[in-house]
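# curious how this folds, go ahead:
(one chain, ligands or ions: 2)
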Amino acid sequence: STHTIAVLAGDGIGPEISAVATQVLREAGDAEGVRFNFEDSLIGGAATDATGTPLPDSTLEACKRSDAVLLAAIGGYKWDTYPREQRPERGLLALRKGLNAFANLRPATVLPQLADASSLKKEVVEGTDIMIVRELVGGIYFGQPRGTDTDSSGHKRAFNTMVYSEPEIERIAHVAFQLAQKRQRRLCSVDKANVLDVSQLWRDVVTHIGKQYPDVELSHMYVDNAAMQLLRNPREFDTMVTSNLFGDILSDEASMLTGSLGMLPSASISNDMPGIFEPVHGSAPDIAGQDIANPMAMVLSAAMMCRYGLDLPKVAQRLEVAVEAALEGGYRTADLMSPGMKQVRCSELGAILAEA
Ligand code: NAI
Ligand code: MG
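Ligands and ions are numbered 1, 2, ... in the order given. Take a look at the predicted model:
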């Protein structure tokens, strides 16, 4: 089969890690009889420099035409002082909006070879394999009304609204249940239903949708408890689903179980348009152009693309196995170096991964 991938290298270390990801994808595809057409487009600061806007129409069109979008990272000091509409992060937000990416998938997997990298005790984190599904386009970050006013005593106030409609909860619930079906078939929905009306609706709707997925074991947990349990016993979780705000916080918390930013992939997906697959980390301008970045988060993002965006689980598995084999062989980029390991450059690791 042939798949068209929109490759958005972006800024900073983006081009370096994109080169590795496409190289490794090509190899894994060859081994499975799968062809990838990579189409490069501009995004972020690079796009602003070339065209005056961080998401040119031509890029969004190329993404819509593609089967999936593989994005590296955007941003850098240079553009921090630019007007809002020209800043790199606007490009990313516009892309997510343009592709209606309402579901954000953030795995937190502790690979056995890196269990020491966590800031938590190895006995606690070892074997952790969590997928957090975060609603990305609704909830308190976007709810109306929002703003500031003055109360009856003349004090300034500010307010935001946490609002979800049934269809918004239904569609994210379907994504989460279907992911759980591909995993350990356990889904934990996180809310604050003891205090918030919107959370009670969330719980009711998720429970109702769950009847369509009798093979998935559904549980509910209050967000404060979930924050504790993630650190106390992360292995108890398989798939989690939650709202925008809670998911923002819990996914960052969970990522620290793994301890290494250079290893974390993510996906932002919709029902009807190509998904966006990207590492959690940014453009790392402090190390850009030095060939020392860790490309593994990018390669694992490509694996998520194959598994969840293109339905190519065998190619995905080849990429994941390659990452584990490289770690097993002791190969580390500078960010993960520890005594006894072999330090390699970004491009060297690319060759090792492609070989594996
Ligand atoms: P960052 O993730 O780029 O870097 C944080 C630290 O981690 C830096 O010391 C960096 O060198 C290191 N690091 C990150 N990824 C690495 C990798 N693959 N290999 C080795 N080391 C790595 O976050 P920071 O510094 O807050 O932001 C830098 C720029 O990236 C900013 O312009 C920011 O807006 C942008 N950014 C973009 C994101 C995206 O494209 N989705 C997400 C986060 C930040
Ligand atoms: Mg966050």
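
# and residue 277, what element?
strand 276-279 (DSSP states H and E).

# so how far is that strand off the chain centroid?
Mean-position distance between strand 276-279 and its chain equals 6 Å (CA atoms, centre = their mean, to the nearest Å).

# for it, name the packing helices and strands.
When contacts are defined as 3 or more CB pairs under 8 Å, 6 or more residues apart in numbering; DSSP states H and E, strand 276-279 sits against strand 68-73, strand 265-269, helix 296-304. Where you see a C-beta, it was placed from the backbone N, CA and C, and this is true even at glycine.

# who wins for proximity to ligand 2 among those?
strand 265-269 (10.6 Å; CB to the ion).

# what strands line up against the closest one, and which way round?
Sheet pairing of strand 265-269 (DSSP bridges) gives strand 103-109 (antiparallel), strand 276-279 (antiparallel).

# quick check, it touching ligand 1?
No. Using CB under 6 Å from any ligand atom, strand 265-269 never reaches ligand 1; the gap is at least 8.4 Å.

# now do that strand, average pLDDT.
Averaging pLDDT along strand 265-269 yields 97.

# how far off centre is it?
Here strand 265-269 is found 4 Å from its chain centre; the criterion is CA atoms, centre = their mean.

# please enumerate residues in contact with the strand holding residue 277?
Here strand 276-279 makes contact (CB atoms under 8 Å, 6 or more residues apart in numbering) with 17, 63, 68-73, 95-96, 99, 101, 262, 264-269, 297-298, 300-302, 304-305, 309.

# what mean pLDDT does that strand have?
98.

# same question, stretch 5-20
Stretch 5-20 comes out at a mean pLDDT of 98.

# tell me the spacing between the residue nearest to residue 328 when sequence neighbours are not counted and ligand 2.
Nearest non-adjacent residue to residue 328, counting by CB to CB, 6 or more residues apart in numbering: residue 113, 5.8 Å away. Note on residue 113: its distance to ligand 2, by CB to the ion, to the nearest Å, is 26 Å.

# go on, residue 259?
17 Å.

# sorry, back to before: can you tell me which residues contact the residue nearest to residue 328?
By CB under 8 Å, 6+ apart, the contact set of residue 113 is 324, 327-328.

# could you list the domains of the chain?
Domain ranges of the chain: 1-99+274-356, 112-260, per automatic domain parsing.

# are the longest one and ligand 1 in contact anywhere?
Right, the one you point to is domain 1-99+274-356. Yes. Judged by CB under 6 Å from any ligand atom, domain 1-99+274-356 and ligand 1 are in contact via 13, 73-76, 89, 92, 278, 281-287, 293-294, 297, 335.

# Produce a ChimeraX select command limited to the buried residues of the residues you listed.
Filtering the residues of domain 1-99+274-356 next to ligand 1 down to the buried ones (16 or more other CB atoms under 10 Å) takes a single ChimeraX command:
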select :13,73,74,75,76,92,278,281,282,283,284,285,287,293,294,297,335
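
# follow-up on the earlier one: quick check: the residue nearest to residue 328 vs residue 331, distance?
Residue 113 sits 10 Å away from residue 331, going by CB to CB, to the nearest Å.

# what's the burial count for the residue lying closest to residue 223 once chain neighbours are set aside?
The shortest distance from residue 223 to any non-neighbouring residue, by CB to CB, 6+ apart, is to residue 246 (4.7 Å). As a burial measure, residue 246 scores 26 neighbours (other CB atoms under 10 Å).

# what residues does the helix or strand residue 246 falls within touch?
Using DSSP H and E, residue 246 sits in helix 244-258. Residues outside helix 244-258 that contact it (CB under 8 Å, 6+ apart) are 104, 106, 108-111, 114, 117-120, 125, 128, 130, 132-142, 162, 190-192, 223, 226-227, 230-231, 234, 240, 242, 261, 264, 280.

# looking at those residues, which are in strands?
Of the contacts of helix 244-258, the ones assigned to strands by DSSP state E are 104, 106, 108-109, 130, 132-135, 190-191, 240, 242.

# in CSV: those residues, plus distance to residue 148 and neighbour count.
Formatted as CSV, the ones in strands among the contacts of helix 244-258 follow (distance: CB to CB, whole Å; neighbours: other CB atoms under 10 Å):
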residue, distance to residue 148, neighbour count
104, 28, 23
106, 32, 24
108, 36, 26
109, 42, 18
130, 37, 25
132, 32, 28
133, 32, 27
134, 27, 27
135, 25, 26
190, 29, 30
191, 28, 23
240, 33, 28
242, 28, 29
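
# and stretch 345-355, which residues are buried?
Burial within stretch 345-355, assessed by neighbour count using 16+ other CB under 10 Å, is assigned to 345-347, 349-350, 352-354.

# enumerate every residue touching residue 95.
8, 43, 55, 59-60, 63, 69, 71, 276.

# same thing but 10 Å
For residue 95, the contact set (CB atoms under 10 Å, 6 or more residues apart in numbering) comprises 6, 8, 43-44, 54-55, 59-60, 63, 69, 71, 74, 101, 268, 276, 278.
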